[in-house]
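Trainee: here's a sequence, model it:
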Amino acid sequence: MSDVSTPDDVEPESDHEHEHHHDHEGPGYATPQAAIEEGEREELAYVMSLYVGTDVDAPDFVSVVDLDPDSDTYCEIVDRIELPNRGDELHHFGWNACSSSCHMEGLERRHLIVPGQRSSRIHVIDAKDRRNPELETVIEPEEVFEYDLSAPHTVHCIPDGEILISMLGDADGDLPGGFLELNDDFEIEGRWEPPGEIEMNYDYWYQPRQNVMVSSEWAAPKTYYPGFDLEDVEAGNYGQRLHFWDWEAGTVEQTIDLGEEGLIPLEVRFLHTPESTHGFVGAALSSNVFHFWRDDDADGGDGAYRAEKVIDFESREHDDWDMPVPALPTDILISMDDRYLFGSNWLHGDVWMYDISDPSNPRRADSLSVGGTFGEIQEVQGRELAAGPQMIQLSLDGERLYWTTSLFSSWDEQFYPEEGERGSVMLKADVDPRKGTMELDEDFLVDWGECPEGPARAHEIRWPDGDCTSDVWQ
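Mentor: The predicted model follows:
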C-alpha cells in the first residue's frame with residue numbers, strides 16, 4: 001500500500017456542535033444541526049425503480065413511497081413517474097439544489113436529476129408537488145456523448161445552482177471517465193474538469209469550506225456492465241484509489257492508492273461538519289472501510305491527505321461458494337450529527353452502525369443480520385428476502401434507517417437471481433442514537449414484487465427535503 005499511513009500525529013476534530021449563525025435565504029438548512037432540529041419526519045421517499053434485467057418489458061420509473069405511519073397508504077408506492085424509454089437502469093440521483101445553496105435567495109430544492117446508468121440519458125423531474133412529481137425534460141444520450149462521457153452516476157448540486165455528475169466512462173464505455181456539468185436551466189455546460197485528470201471514477205463528495213473534493217473508483221462501464229468477473233480484478237480492471245481535488249480549480253492534487261485492501265472503493269463521504277477534513281470510504285471487494293483525513297503536518301508542513309483502514313469485515317465460508325464469501329460493504333453514510341457511520345454488507349446480509357466520535361478508531365455499536373447469504377432473518381411479514389441490504393438512507397434525526405436490496409441488474413442476476421424474479425423490498429430499522437442500537441421494524445415492508453407490470457428492482461432512496469447523502473454545507 002502506498003501513501004497510506006496512521007493518524008497518530010493527528011488530533012481528530014471534535015466539532016460536532018455545529019454553528020448556525022449565517023444568513024439562510026435559499027434551500028435546505030443553515031447547518032447540519034439545523035437539519036436535525038428543523039427537519040420534519042420523512043413522510044415520503046423517492047426510490048429508483050427499474051426493470052432492467054427482469055422479464056418485464058417496461059421502462060424504469062421513480063417510486064413515491066408513503067412513509068407516514070398515520071397514513072392509510074403507509075408502506076405503499078403511491079405514485080410512479082414513468083420514464084419514456086426502456087433500458088435506462090436508474091441507479092443514483094440527486095437534487096438541483098441542497099443546503100450548499102442555502103445562501104442563494106430564490107433557488108428551490110425542486111428538481112430531481114435522474115440519470116440512466118446504462119443509457120446515459122438524464123431525466124429532470126419537477127417535484128414541486130412532492131407527492132405527484134412530473135417528468136419535465138430529458139437530456140438524450142447523444143448530447144452527453146458529445147463530451148466523450150457516459151454512464152452517469154453521482155449527482156450533486158454546486159453551491160451556485162449548477163449540477164455536477166460523475167461519469168464512469170467515455171462515449172464508448174471505456175476509460176477515462178470524468179464529470180459532466182449542467183447549468184441551472186438543466187443544459188449541458190460541458191466537462192467540469194480538464195481531460196486526463198483521472199482514469200476511473202465512481203462516487204464523489206465535496207467540502208467547499210476546505211476547497212476539496214474526493215472521488216472514488218469502480219471500473220470502466222464495459223467492465224462492470226456484464227457482471228462481476230474475478231479475472232478483471234486480477235487484470236487490474238477495478239479501482240483502488242482515492243483522488244483529492246482542488247474544488248475551485250477542478251484539478252487532482254493528490255491520489256492515494258489504497259492497495260489490495262482497498263479494492264473497489266465505492267461510496268465516499270466527508271463528515272457533514274463543513275470545517276472537517278475527515279471522511280470514510282467503503283472498499284467493497286476488500287470488505288474494508290477506510291478513514292481519510294488531512295494531515296497538516298505532512299510533506300514538510302505543506303499538508304496532505306492520508307488514509308487508513310479502520311474497519312475490516314472477515315469473509316465467511318459457505319457450502320455453495322468455492323471461495324470465502326466477502327461481506328461486500330456497498331453503501332455507507334454518516335448520521336447528520338457526525339456521530340455514527342452506517343453501512344450495508346450486501347453479500348453477508350448485514351446493516352451496521354459504528355460510533356465514529358473518534359474517526360480514527362470507530363467502535364462497533366450494533367448490527368442487524370437480515371437477508372443476504374447469512375442473514376438470521378430471511379423473511380418479513382411472510383415475504384422471503386431475495387437479497388441483502390444494499391442502498392441505505394437515514395432520517396435527519398438519526399432515528400430511522402431504511403434500505404433497499406438491489407445493487408446493479410447484472411450483479412443482482414449473478415449473486416441473487418431471485419431479486420429480479422421476486423422484486424426488491426425496502427425495510428426499516430428503528431435506531432436509538434443515545435444507546436447506539438438498532439431494531440428491525442417488522443411492521444414495515446415496501447414490496448416491489450407487487451408492482452402492476454411485475455416485480456421491479458429498487459435502488460437509491462431520497463427524502464423530499466434533504467438527507468444524509470445529498471446535503472453539503474458551504
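Trainee: contacts only, for the residue nearest the centre of the chain.
Mentor: Centrality entry for the chain: nearest residue to the mean C-alpha point is residue 267, 5.5 Å, by C-alpha atoms, centre = their mean. For residue 267, the residues meeting the contact criterion (C-beta atoms under 8 Å, 6 or more residues apart in numbering) are 203, 216, 281-282, 330-333, 469. All C-beta atoms are positioned from the backbone trio N, CA, C, and that covers glycine.
Trainee: out of those, which is most surrounded?
Mentor: Highest neighbour count within the contacts of residue 267: residue 282, with 30 neighbours (other C-beta atoms under 10 Å).
Trainee: where does the prediction get shaky in this protein?
Mentor: Within the chain, the set of residues satisfying pLDDT under 70 comprises 1-24.
Trainee: what about the helices in it?
Mentor: Secondary structure of the chain by DSSP state H: the helices cover 32-38, 141-145, 221-224, 230-234, 409-415, 418-422.
Trainee: among these, which is nearest residue 50?
Mentor: helix 409-415 (6.9 Å; C-beta to C-beta).
Trainee: that closest one: how far from the chain's middle?
Mentor: Between the centre of helix 409-415 and the centre of its chain there are 19 Å (C-alpha atoms, centre = their mean, to the nearest Å).
Trainee: quick one: buried residues of that helix?
Mentor: Judged by neighbour count (16 or more other C-beta atoms under 10 Å), helix 409-415 contains these buried residues: 409-413, 415.
Trainee: out of those residues, the closest to residue 257 would be?
Mentor: For the buried residues of helix 409-415, the nearest to residue 257 is residue 411 (24.6 Å; C-beta to C-beta).
Trainee: identify the residues contacting that closest one.
Mentor: Per C-beta under 8 Å, 6+ apart, neighbours of residue 411: 224, 227-228.
Trainee: among those, who's most crowded?
Mentor: residue 224 (23 neighbours).
Trainee: please verify my assumption that that residue contacts residue 408.
Mentor: Yes: judged on C-beta atoms under 8 Å, residue 224 makes contact with residue 408 at a distance of 7.2 Å.
Trainee: give me the neighbour count for residue 75.
Mentor: 18.
Trainee: do the same with residue 142
Mentor: 10.
Trainee: and it, how far is that from residue 188?
Mentor: Residue 142 sits 11 Å away from residue 188, going by C-beta to C-beta, to the nearest Å.
Trainee: now residue 280
Mentor: In terms of C-beta to C-beta, residue 280 sits 32 Å off from residue 188.
Trainee: which of those two has more neighbours?
Mentor: More crowded of residue 280 and residue 188, by other C-beta under 10 Å: residue 280, with 26 against 17.
Trainee: what's opposite the more buried one in the beta bridge?
Mentor: Note on residue 280: beta-bridge partners by DSSP bridges are residue 269, residue 291.
Trainee: residue 128 reaches residue 109, doesn't it?
Mentor: No: in this structure residue 128 lies outside contact range of residue 109 using C-beta under 8 Å: 10.2 Å.
Trainee: who has more neighbours, these two?
Mentor: Comparing residue 128 with residue 109 by other C-beta under 10 Å, the one with more neighbours is residue 109, at 22 against 11.
Trainee: quick one: that one from residue 322, how far?
Mentor: For residue 109 relative to residue 322 (C-beta to C-beta), the value is 48 Å.
Trainee: what's the closest non-adjacent residue to residue 258?
Mentor: Distances taken as C-beta to C-beta, 6 or more residues apart in numbering place residue 240 nearest to residue 258, at 5.1 Å, with adjacent residues excluded.
Trainee: if I look at that neighbour, how far off is residue 111?
Mentor: 35 Å.
Trainee: neighbours around residue 445, how many?
Mentor: Neighbour count of residue 445, defined by other C-beta under 10 Å: 17.
Trainee: I figured it hits residue 425, correct?
Mentor: Yes: under the criterion of C-beta under 8 Å, residue 445 makes contact with residue 425 at 6.2 Å.
Trainee: who touches both of the two?
Mentor: 380, 383.
Trainee: can you put the buried residues of helix 409-415 in JSON lines and add distance to residue 133?
Mentor: Output for the buried residues of helix 409-415, formatted as JSON lines (distance: C-beta to C-beta, whole Å):
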{"residue": "409", "distance to residue 133": "24"}
{"residue": "410", "distance to residue 133": "28"}
{"residue": "411", "distance to residue 133": "28"}
{"residue": "412", "distance to residue 133": "26"}
{"residue": "413", "distance to residue 133": "30"}
{"residue": "415", "distance to residue 133": "32"}
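Trainee: name the nearest of those residues relative to residue 378.
Mentor: Of those, the one sitting nearest to residue 378 (C-beta to C-beta) turns out to be residue 415, at 15.6 Å.
Trainee: and the residue lying closest to that closest one once chain neighbours are set aside, what does it touch?
Mentor: Leaving aside its chain neighbours, residue 415 sits nearest to residue 347 (6.6 Å; criterion: C-beta to C-beta, 6+ apart). By C-beta under 8 Å, 6+ apart, the residues touching residue 347 are 325-328, 372-373, 388, 415.
Trainee: which of those residues sit farthest apart?
Mentor: 327 and 415 (12.7 Å).
Trainee: give the buried residues for stretch 312-320.
Mentor: Those would be 313, 315, for stretch 312-320 by 16+ other C-beta under 10 Å.
Trainee: list the contacts of residue 464.
Mentor: 42, 44, 46, 127, 130.
Trainee: tell me the contacts of the spatially closest residue to the fourth one that is not a sequence neighbour?
Mentor: If I follow you right, that is residue 127. Distances taken as C-beta to C-beta, 6+ apart put residue 133 closest to residue 127, at 4.0 Å, once the chain neighbours are dropped. By C-beta under 8 Å, 6+ apart, the residues touching residue 133 are 46, 62, 64, 79, 81, 112, 125-127.
Trainee: swap in residue 71?
Mentor: Contacts of residue 71 (C-beta under 8 Å, 6+ apart): residue 43.
Trainee: which residues in the stretch 201-350 of the chain form strands?
Mentor: 204-207, 212-215, 241-246, 251-257, 265-270, 279-283, 288-295, 304-312, 329-334, 340-345, 350-355 (DSSP state E, counting those that start in this stretch).
Trainee: reformat the helices of the chain as CSV; add distance to residue 174.
Mentor: As requested, the helices of the chain are exported to CSV (distance: least, C-beta to C-beta, whole Å):
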stretch, distance to residue 174
helix 32-38, 39
helix 141-145, 13
helix 221-224, 6
helix 230-234, 14
helix 409-415, 18
helix 418-422, 27
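Trainee: wait, residue 247 touches residue 208, no?
Mentor: Yes: under the criterion of C-beta under 8 Å, residue 247 makes contact with residue 208 at 5.9 Å.
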